[in-house]
Structure formats: C-alpha cells, structure tokens
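A.B. asks: Here's a sequence, model it:
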Amino acid sequence: ETPNDEWQAISLNYTSGTTGNSKGVVYHHRGAYLNALGQIVVMGLNRESVYLWTLPMFHCNGWCFTWAVTAIGGTHVCLRSVDPGQIFPIIRDHGVTHMCGAPIVLNMLVHAPDDVKTAFPQTVEVATGGAAPPSAVIEGMERLGFNVTHLYGLTESYGPSTFCAWQTPWDSLDADRQAAEMARQGVRYPTLSEQTVMDPETMTEVPADGESMGELMLRGNTVMKGYLKNPEATEAVFSGGWFHTGDLGVLHPDGYVEIKDRSKDIIISGGENISSLEIEDVLYKHPEVMEAAVVAKPHEKWGETPCAFVTLKLDAGDVDEANIIGWCRDNMAHFKAPTEVVFGPLPKTSTGKIQKFVLREQARGD
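C.D. replies: Predicted structure coming up:
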C-alpha cells in the first residue's frame, strides 16, 4: 500500500548494541525505497540475480536487499543459519550471484575445512560491512572465487550508505595493495545526498590529505527519521544539520573516505592515537589467528594501552602471548603493539559483530 506521505514510518530497527546502548531507529518509506534502489545500482542486481541470505533480514531490513532483490525481479535463496557446510553447495547448486555479510561471515568461509569448500563456476559478488574487513580476509575470499565489495553504513542509514568503488588502475596492483585500497570505505551511494569528514566541533571539512582525522558525517534522504521516543539522542546526533556517525576517519585525495576507528574505540596511549582497526588488521594476517579484537586497557604510565583478544584457528600450533605481541611489533610501530593478549572465543551480537564493550569491561577488570 502506497503511503500518503513518504515521511511515514515503514519499520523500526534496533541498533545491534555494539556499544551496549541499543536504540530504536525509525525508517521512513522514502529512505527505504531509495536505499533499495541504491543496492540495485551499486551491487549490479538484475532479474538474473540469485541472492543468498547470509545476512540476517532483521539487520537494517537485510540492508534493504529484502526490497531490492524483489524490486528487480531477482531470486531470494533463504538460509536459517550461517553454516559454511550449507553455503558452498547452495552457491553451486542454485547459481548464487550475490550475498552479504559481516566480515566475521567472510572469515568463517575462508577458514572452513577444505572438505566443505565446494567449487563453483561463477564469480559471486559479496558485499561486506559492519567493520573494515581485514585485508587478509579480502584476499582469502578472492582466492575462493568471490569478488568482495566493501560497504559502510549504520542502522541509522538503512544499512550501507558508502562503498569502495573499484578503480581501473588498481587492476595492476599486487594483491596486498589491492586489498589495502579495498579496505577503505570509499564514496557515497548515488542515493545518499552528501558525505564528508568534518571536525565535529567546528563542523568544517578536514583537508583531503589522507591524514587529517575527523568524524564521518552523512546528510540526505537515506538517513533515519530519528530514534524512537528519544528526542534528546535524535537532536544530538543531528546537531549542525548533519548525521554524526561517531566514526573517525580521513578524506583521501581521491575523495574516498577511510574509517580509522569508532570514536569510542580509538586508544590514546601516551598522548598518541592508536587505531584498534590497524592492530586488528595486523593480527588477522597472523597465520594462526582466526578472529581478533583490540580494546583499550588502563595503564598507570601511558593512560591506556592496547589489549588484544584473539581466537586461534582450530589447528593452530603453539602460539602464546609473546608470539602474538612479537608479530605485531614486527609488522607495525612498536608503541602500537598490544601489551596483553587474551585467548578464547569473542562475544558477539546477534548480527555477528564483536561486542567490544564487553571486552572493554573485561580489560578494565570490571
């Protein structure tokens, strides 16, 4: 049924609570309609498309793919749970062309046992978002026959609002450089009006030098109506006429944005900013690491230092804290390396995102 007013609410999505503070995000008809069209354009959907549901439909209404695939006349292939043992044969048997998932889903496929990895003739377009996918995960997926597109967005922006559009000159780069380019968040969807990185205090754009840090801001029709029954939070997040994402990043000379960290995840050690994402990217390249997350741990001298939480592969050899810290020191500036490593499974939300607020409490000893 067509609404009388496109501003009318169409759905209510709760943020997944990676910060421990879940809020009800009200979507309007216009935003849902536009972002569905945005998915069709960005991911190249058509009537021949076969979309496999490795992303929960409750997560931003399935990033609006629920409506996008239907609108273009494509085929939905549904899945009850993310199980690599089912995903690989389904891709082969149903001719799957598109799927989405958090980096954790891609990581599960990369590290699935070899006897589960069924070959398929087509290239599968995979959209991933929720956090920057570690470059090692992108490379692993490409080797298996997937083409990864890195998206960025929030529940408040109907899922993806930004994508790392491929540039032809990247074709000639080696795999490491390609993965580094692809790990950037990129440019706005054609259905999002405006995006930039600004100083949140002065609301002025940062220089496009790839170094000056600011907060990623969004503006347009594919931004939420507001938080349900929470006018204070709504007003705060839209202050200055832009939606404040809470993500810290830089603008590159080519106009691509790159997220450096969530504002609450940046680690300030001895006055130096350390990106938890940068450390995680190095950890994921360790041959025995399956999953990793880094948070700030209080430190008497430095204020705070990085604490790494690591899940090893099932067949991992003899890896201890010294080995992990040494790996980090060998691959990045020494002051950025974790001072502590905790081994074991990582707490996750229902959408597969790592709950850093739980890890922060653990690191603080709460």
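A.B. asks: can you give me the helices for the stretch 51-200 of the chain?
C.D. replies: Assigned by DSSP state H, counting those that start in this stretch, the helices in the stretch 51-200 of the chain fall at 60-63, 65-72, 84-94, 103-110, 135-144, 175-182.
A.B. asks: Just say which of these is most tucked in.
C.D. replies: Of all those, helix 60-63 carries the top mean neighbour count, a mean of 24, counting by mean count of other Cβ atoms under 10 Å. In short, each C-beta sits where N, CA and C put it, glycine included.
A.B. asks: Only C-alpha atoms, please: export that helix in PDB.
C.D. replies: C-alpha atoms of helix 60-63 as PDB (Å, rounded to 0.1, in the frame of the first residue of the first chain):
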ATOM      1  CA  CYS A  60      18.500  -3.000   8.700                       C
ATOM      2  CA  ASN A  61      15.800  -4.900   6.900                       C
ATOM      3  CA  GLY A  62      18.500  -7.000   5.400                       C
ATOM      4  CA  TRP A  63      20.400  -3.800   4.300                       C
END
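A.B. asks: so what secondary structure elements neighbour that helix?
C.D. replies: Packing partners of helix 60-63 (3 or more Cβ pairs under 8 Å, 6 or more residues apart in numbering; DSSP states H and E): strand 9-14, helix 29-43, strand 146-154, strand 159-163.
A.B. asks: run the last query once more with 10 Å
C.D. replies: Packed against helix 60-63 by the contact rule (3 or more Cβ pairs under 10 Å, 6 or more residues apart in numbering; DSSP states H and E) you find strand 9-14, strand 24-28, helix 29-43, helix 65-72, strand 98-101, strand 146-154, strand 159-163.
A.B. asks: Note down every partner strand of the shortest one and its orientation.
C.D. replies: The strands beside strand 98-101 in its sheet (DSSP bridges) come out as strand 50-52 (parallel), strand 124-128 (parallel).
A.B. asks: Also the second one?
C.D. replies: Note on strand 24-28: by DSSP bridges, its sheet partners are strand 9-14 (antiparallel), strand 226-227 (antiparallel).
A.B. asks: among those, which is nearest residue 168?
C.D. replies: strand 9-14 (36.4 Å; Cβ to Cβ).
A.B. asks: Name the residues of the closest one that are buried.
C.D. replies: 10, 13 (16 or more other Cβ atoms under 10 Å).
A.B. asks: chain center to it, what's the gap?
C.D. replies: The chain centre lies 21 Å from the centre of strand 9-14; the measure is Cα atoms, centre = their mean, to the nearest Å.
A.B. asks: Quick check: mean pLDDT of that strand?
C.D. replies: In this model, strand 9-14 has a mean pLDDT of 95.
A.B. asks: on that earlier part again, so can I have TSV of the strands paired with strand 24-28 showing distance to residue 341?
C.D. replies: Putting these into TSV (distance: least, Cβ to Cβ, whole Å) gives the following:
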stretch	distance to residue 341
strand 9-14	33
strand 226-227	37
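A.B. asks: about what we covered before: can you redo the helices of the stretch 51-200 of the chain as CSV with mean pLDDT?
C.D. replies: Shown next, in CSV, are these (pLDDT from 0 to 100):
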stretch, mean pLDDT
helix 60-63, 95
helix 65-72, 98
helix 84-94, 97
helix 103-110, 89
helix 135-144, 87
helix 175-182, 84
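A.B. asks: Including distance to residue 36, could those helices go into TSV?
C.D. replies: Converted to TSV, the helices of the stretch 51-200 of the chain look like this (distance: least, Cβ to Cβ, whole Å):
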stretch	distance to residue 36
helix 60-63	9
helix 65-72	4
helix 84-94	22
helix 103-110	21
helix 135-144	25
helix 175-182	24
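A.B. asks: Check which residues of stretch 113-122 are buried.
C.D. replies: Residues of stretch 113-122 classed as buried under the neighbour-count rule (16+ other Cβ under 10 Å) are 117, 120.
A.B. asks: can you list contacts of that stretch?
C.D. replies: With contact meaning Cβ atoms under 10 Å, 6 or more residues apart in numbering, stretch 113-122 is reached by 50, 83-97, 109-110, 112, 144-146, 314-315.
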